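A.B. asks: have a look; sequence and predicted model below, questions after that.
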Amino acid sequence: EKEKLIYEFEKLDQVEYIYPSDANFILIKVKNAKMLYDFLIDNKIVVRDRSDMPLCEQCLRVSVGTPQENKKLIESVKSFQV
């Protein structure tokens, strides 16, 4: 599932960088982390905004979920408009 999620994130314009990780989460750098975070929370998708952490500006931490959860996440990020 993690590889599928990374593959889908790589195709999205909003995602600027995907940090390598061996854990069950993915750290992604996006164009507007705060707005995307708020949008996802409003859509009942829980991610972590790590923008206030040193060296993680504009980054969201995304846990790898079930196939259904990951699909909902990707579809929501695709539909996000600034």
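C.D. replies: It's in.

A.B. asks: all the strands of the chain, residue numbers only.
C.D. replies: All strands of the chain, identified by DSSP state E, fall at 15-19, 25-30, 48-49, 59-63.

A.B. asks: residue 70 reaches residue 7, doesn't it?
C.D. replies: No: Residue 70 lies out of contact with residue 7 (C-beta atoms under 8 Å); the separation is 10.7 Å. Heads up, the C-betas are built off the backbone N, CA and C, glycines and all.

A.B. asks: which one's more surrounded, these two?
C.D. replies: The residue with more neighbours, out of residue 70 and residue 7 and counting by other C-beta atoms under 10 Å, is residue 70; that gives 18 against 11.

A.B. asks: tell me the contacts of the more buried one?
C.D. replies: 1, 4-5, 8, 64 (C-beta atoms under 8 Å, 6 or more residues apart in numbering).

A.B. asks: from residue 53, how far off is residue 80?
C.D. replies: 22 Å (C-beta to C-beta, to the nearest Å).

A.B. asks: same deal with residue 1?
C.D. replies: According to C-beta to C-beta, residue 1 and residue 53 sit 25 Å apart.

A.B. asks: hmm, back to that, compare residue 80 and residue 53 and say which is more crowded by neighbours.
C.D. replies: The neighbour count for residue 80 versus residue 53, taken as other C-beta under 10 Å, is higher for residue 80 (16 against 12).

A.B. asks: quick check: closest non-adjacent residue to that one.
C.D. replies: Counting by C-beta to C-beta, 6 or more residues apart in numbering, residue 80 lies nearest to residue 39, which is 5.2 Å off, once chain neighbours are set aside.

A.B. asks: same thing with residue 41?
C.D. replies: Computed as C-beta to C-beta, 6+ apart, the closest residue to residue 41 that is not its neighbour in sequence is residue 47, at 7.8 Å.
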